[in-house]
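1. sequence-free structure coming up:
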């Protein structure tokens, strides 16, 4: 007997592989931040989301913090410039991966949506699909980004570094500054009524990363040969940011998902029953498109014994 | 995507205009005579420039070898997330005479800039003669022993009563920490308080005639 393929051996862990990796990176980042607050760890990794230093040497600076600081102080400091350049270079290649893989607030929101799903299904016994609210107007967060830069220019003050809920969360977790937690709690409560309103419509840091990472090479790639054959909408139902992966991209013949709210989290790629999506730097090659793919849906549909969900009611 | 980018551009520009307006309102509303400034780490820029340059990352707080620095909470208003210290509880030991100050080295922006130890200007120690033991008939040299520049920043007169030479005092707060009286007879006044008071003094109608000191900081 041949060994079963890896995805069968790994079971759930393979099925949720991207989720697992994302949780690991975000938690490791938080742990490193916490490590920095200890006496022994401060030499290896210290700082918070607005600026860190690794091994007492390599600076990483939140690009928005650096921009605000440069404009407000009317001077450019080399260390902050290097730190911001490193992160911008990373975003140019990887896209806005900070949002999906690192951001502690994103991790909190992810865990909150898991709790929300659990409460919905197990406590209230609602079995229907929970529709993600439509994409809020993208304009808002670019307006906010502009507001902050203009504010920094005139008031000589990096406003976002004080009120940023990301910073407030890290300060509460690492430095024990509890006053800012009220803002974070308010956002988490908001999550229960309008998921990801902060990330999708408000976060200026996210919008800066969205602008910089627009042409990032790492993307959710779409298999042109398989796209749209099984319009199950699992991808866009599972997308934490509510990106219309299927109706907006797969069914439109796009070769990759280019939505500014796509954080390259990979959640859609792991749920796709046909392997139409992959998170990769490279497009699907001809060899990949037909390699060992599950075709049970095809047989089932051909035999007419299951009804596949159709595109009715698809938003956008 | 081009249309969206243009929309983004216009939106960001419009937002920048709104931000300029809000910033002007903020500037106009900010009171000119603030009191109660925080004691900043050594090498900090003047308060307004410091608040502009500091990105609130907290690296200085974490790297501080004696756990002197603290991070201001959100209730500190515009100072939220910035470093400060309370000399009565944790005085700055200036990294115990090492060649460089750790907080200055790690600061990613110019908020904390390189400075010679002797040129550090966190604030000035002020001695309250009413509370000071030495001024009230008891022999006490606690502040003198604690001072990193004894005989220069704190000097004794012929009756062993301490005086602070403000041009030598760096404002580290070691004397305040060492002072045995309760409340403390010696207190660090933040540099910003002194600077603002001096500008107030230069104004013709200032009532604040209490402190008249020569020399520049």
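-> Right, received. Where do you want to start? Model, not experiment: these values are computed from the prediction.
2. pretty sure residue B:153 sits against residue B:147.
-> Yes: with contact defined as Cβ atoms under 8 Å, residue B:153 reaches residue B:147; the gap is 5.4 Å. C-beta here means a position set from N, CA and C on the backbone, and glycine is covered the same way.
3. where do the contact lists of those two overlap?
-> Counting by Cβ atoms under 8 Å, 6 or more residues apart in numbering or on different chains, no residue touches both residue B:153 and residue B:147.
4. any buried residues in the longest helix along chain B, and which?
-> Criterion DSSP state H: the longest helix present in chain B is helix B:2-29. Residues of helix B:2-29 classed as buried: B:8, B:11-12, B:14-16, B:18-20, B:22-23, B:26 (neighbour count, 16 or more other Cβ atoms under 10 Å in any protein chain shown).
5. same check, this time on stretch B:72-89
-> In stretch B:72-89, counting by 16+ other Cβ under 10 Å, buried: B:72-74, B:76, B:78-85, B:87-88.
6. off-centre distance for the longest helix of chain B?
-> Relative to the chain's own centre, helix B:2-29 is displaced by 34 Å; criterion: Cα atoms, centre = their mean, to the nearest Å.
7. likewise for stretch A:160-172?
-> Distance, centroid of stretch A:160-172 to centroid of chain: 18 Å (Cα atoms, centre = their mean).
8. so what touches that stretch?
-> A:30, A:33, A:48-50, A:64-65, A:68-69, A:103-105, A:108, A:148, A:177-178, A:180-181, A:183-184, A:187, A:198, A:203-205, B:54-56, B:58, B:71, B:73-74, B:78, B:80-81.
9. how about the strands in chain B?
-> B:70-71, B:83-84, B:123-127, B:154-156, B:162-164, B:186-190 (DSSP state E).
10. where does the prediction get shaky in the chain?
-> The chain I'm using is chain A. A:1-10, A:287-316 (pLDDT under 70).
11. hm, I was asking about chain B
-> B:1-4, B:28-36, B:203-217.
12. can we see that at 80?
-> Within chain B, the segments meeting pLDDT under 80 span B:1-9, B:11-12, B:20, B:23-36, B:75, B:97, B:197-217.
13. OK, contacts around the spatially most central residue of chain A?
-> What sits nearest the mean C-alpha location of chain A, by Cα atoms, centre = their mean, is residue A:100, with 2.4 Å. Applying Cβ under 8 Å, 6+ apart to residue A:100 gives the contacts A:22, A:106, A:240, A:263-266.
14. try 10 Å
-> Residues counted as contacts of residue A:100 (Cβ atoms under 10 Å, 6 or more residues apart in numbering or on different chains) are A:18, A:22, A:25-26, A:106-107, A:110, A:199, A:240-241, A:262-267, A:279.
15. residue A:51 too?
-> Residue A:51 touches A:59-62, A:65-66, A:69, A:79-80, A:83-84, A:161, B:54-59, B:106-109, counting by Cβ under 10 Å, 6+ apart.
16. let's see 7 Å
-> Residues counted as contacts of residue A:51 (Cβ atoms under 7 Å, 6 or more residues apart in numbering or on different chains) are A:60-62, A:65, A:83, B:55, B:57, B:59, B:108.
17. mind checking which of the contacts of residue A:100 are buried?
-> A:18, A:22, A:26, A:106-107, A:110, A:199, A:240-241, A:262-267, A:279.
18. tell me which of these fall in strands.
-> residue A:279.
19. quickly name whichever of the buried ones among the contacts of residue A:100 is closest to chain B.
-> Nearest to chain B among the buried ones among the contacts of residue A:100, counting by Cβ to the nearest Cβ, is residue A:262 at 12.8 Å.
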